[in-house]
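Novice: Here's a sequence, model it:
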Amino acid sequence: MTREEMAALYQIGVKAADPMRAVTETLRDQPLPAHDALFVLGLGKAACAMTRAALAVLPKPAAALVVTNYENESRVAGAEVMVAGHPVPDENGLRAAQATEAMLAQAKATDRVLVLVSGGGSALLPAPVEGLSLPDKAEVNRILLAGGMDIVAMNAVRQHMSRLKGGGLLRAAHPAPVTALILSDVIGDDLRAIASGPTVAPIAPRAHVVEMLRACGIWRQLPDAAQAALLRPEDDVPVISAENHLIGSNRQSLNAMAKACRAAQILSTALIGDVADAAEVIIRAAQDRKCPVALFGGETTVTLTGSGLGGRNQDLALRVALALEGQNGWRFLSAGTDGRDGPTDAAGAIVDSGTCARIRAAGGDPAAFLANNDSHRALALAGDLLITGGTGTNVADLQILSCAR
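Specialist: Model prediction:
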């Protein structure tokens, strides 16, 4: 496949997770139960598109609020749009959380709350529990991201530091019933982990989270206030349930890509864990050359040891390029469906057998860049970055490996 063909196939996967289509079809096929007033909350990287679709088919709500990241901000007629920091929460996110609680407090038992959830919502809506400050939460996020924890483990921690996560939004909306339409960015589609599960029960009790953090060697790095929050006794609160509907996922995007490319086969729907291990999976597939186009979906993790700039997809692509340097006939794409890989302007990268040579020709050392977690700079020198801008959706990452037999 050419670079252009590979980028086009990636875009087919992104479009398969189109939030407007998913919301429209779900509300058409599963109308909301009867209610008096309607309150709408859109939360996450796809919040603008999801809310726009919902408001187009529903009666005018009593209030509608959208909370999304800066890159995906757009106007939504009939709703207030608030933007906040991601992946590290900021003051705008704190204000958005306060606005969310104020809106939900208006809902009565005869009303209905519609929550439109997509990836990124965890960082975008920080509502620190008592005794915990926003800087504390931001520091916890930084530590979790640098520690190489997967999204489920990170969100298990975040849930116990927020008033709105782990079902907290249901308590804020009580006694109004809640319906949630959820676009999954979590491999396996565990609803408790998507945006830290605002409309579902927590992933794990506090004691288990503390044990996990100690096992990972992260516990002592946490701020004192965060440790204190996690050492509190479990809350004695009533169990409240919601109508939760999964409306889009990484697997659906992979299926669309496989349908669009006859030569393609899905080799893995769970390319997860440490990025070095994931790279070995790609490298073996490239060496085996069992199929001309191999598709993978997942979300890896990177343990930061250097001071460079990059993201998990760029790191994965550079590792593959180094391992397969000089072996002709392959090309590899790895990119996030949200259009942003880590704190960079790139969705990911498209690399081939000449990537490392291009980096060296531009005066760089690809191995040194990788050791410093500086994959963005390395791939920029090679001209291999994939830059799409914000896509308005988020169903984790997609990978395409093209090999000539």
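
Novice: okay, now the closest residue to P223 other than its chain neighbours: neighbour count?
Specialist: Of all residues not flanking P223 in the chain, D136 sits nearest, at 4.6 Å (CB to CB, 6 or more residues apart in numbering). Placement of C-beta: from N, CA and C, glycine included. Using other CB atoms under 10 Å, D136 has 19 other residues around it.

Novice: again with the one 5 residues further on
Specialist: Each residue near N141 was counted by other CB under 10 Å, and the total is 22.

Novice: just E139 next, same as before
Specialist: Look at E139: counted by other CB under 10 Å, it has 17 neighbours.

Novice: mind giving me the domain split of the chain?
Specialist: Split into domains by automatic domain parsing, the chain comes to 18-248, 251-403.

Novice: Let me see the contact set for the most centrally placed residue in the chain.
Specialist: Centroid check for the chain by CA atoms, centre = their mean gives G119 as the closest residue, at 4.2 Å. Contacts for G119 (CB atoms under 8 Å, 6 or more residues apart in numbering) come out as 44-46, 183-186, 194-195, 338, 394-396.

Novice: quick one: the helices in the stretch 201-350 of the chain?
Specialist: Taking DSSP state H, counting those that start in this stretch to define them, one finds helices in the stretch 201-350 of the chain at 206-215, 224-230, 250-260, 275-288, 312-323.

Novice: In a markdown table, list those along with distance to E4, mean pLDDT and mean neighbour count.
Specialist: Output for the helices of the stretch 201-350 of the chain, formatted as a markdown table (distance: least, CB to CB, whole Å; pLDDT from 0 to 100; neighbours: other CB atoms under 10 Å):
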| stretch | distance to E4 | mean pLDDT | mean neighbour count |
| --- | --- | --- | --- |
| helix 206-215 | 44 | 94 | 16 |
| helix 224-230 | 47 | 95 | 18 |
| helix 250-260 | 14 | 96 | 20 |
| helix 275-288 | 20 | 96 | 18 |
| helix 312-323 | 17 | 98 | 27 |
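
Novice: For G78, which of the ones you listed is the nearest?
Specialist: With CB to CB, the closest approach to G78 among the helices of the stretch 201-350 of the chain belongs to helix 250-260: 28.3 Å.

Novice: Quickly find the element holding G188.
Specialist: Counting by DSSP states H and E, no helix or strand carries G188.

Novice: What about the closest residue to it other than its chain neighbours, how many residues nearby?
Specialist: Spatially, and ignoring its direct neighbours in sequence, G188 is nearest to A270 (7.1 Å; CB to CB, 6+ apart). By the criterion of other CB under 10 Å, A270 has 13 neighbours.

Novice: A270 and I203, how far apart?
Specialist: For A270, the distance to I203 equals 18 Å [CB to CB, to the nearest Å].

Novice: on that earlier part again, out of the helices of the stretch 201-350 of the chain, which gets nearest to A153?
Specialist: helix 206-215 (6.3 Å).

Novice: How far does that closest one sit from its chain's centre?
Specialist: Relative to its chain's centre, helix 206-215 lies at 23 Å (CA atoms, centre = their mean, to the nearest Å).

Novice: helices or strands up against it?
Specialist: Helix 206-215 is packed against helix 151-159, helix 224-230, with contacts defined by 3 or more CB pairs under 8 Å, 6 or more residues apart in numbering; DSSP states H and E.

Novice: Let's see that with 10 Å instead.
Specialist: If you count contacts as 3 or more CB pairs under 10 Å, 6 or more residues apart in numbering; DSSP states H and E, helix 206-215 packs onto helix 134-146, helix 151-159, helix 224-230.

Novice: Generate JSON lines for those helices, with distance to A123 as supplementary columns.
Specialist: Shown next, in JSON lines, are those (distance: least, CB to CB, whole Å):
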{"stretch": "helix 134-146", "distance to A123": "6"}
{"stretch": "helix 151-159", "distance to A123": "8"}
{"stretch": "helix 224-230", "distance to A123": "15"}
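
Novice: Out of these, flag the one nearest M103.
Specialist: Closest approach to M103 among those is made by helix 134-146 (20.2 Å; CB to CB).

Novice: Helix 151-159 and the closest one, what's the angle between them?
Specialist: If you take axes from the mean of the first three to the mean of the last three CA atoms, to 10 degrees, helix 134-146 sits at 160 degrees to helix 151-159.

Novice: what does the average pLDDT come to for helix 134-146?
Specialist: Averaging pLDDT along helix 134-146 gives 88.

Novice: for it, which positions count as buried?
Specialist: Counting neighbours by 16 or more other CB atoms under 10 Å, one finds that the buried residues in helix 134-146 are L134, D136, K137, A138, E139, V140, N141, I143, L144, L145.

Novice: Let's have the residues you listed in JSON lines, adding distance to V115.
Specialist: Shown next, in JSON lines, are those (distance: CB to CB, whole Å):
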{"residue": "L134", "distance to V115": "23"}
{"residue": "D136", "distance to V115": "26"}
{"residue": "K137", "distance to V115": "21"}
{"residue": "A138", "distance to V115": "24"}
{"residue": "E139", "distance to V115": "28"}
{"residue": "V140", "distance to V115": "24"}
{"residue": "N141", "distance to V115": "22"}
{"residue": "I143", "distance to V115": "28"}
{"residue": "L144", "distance to V115": "24"}
{"residue": "L145", "distance to V115": "25"}
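
Novice: Alright, that wraps it up for me.
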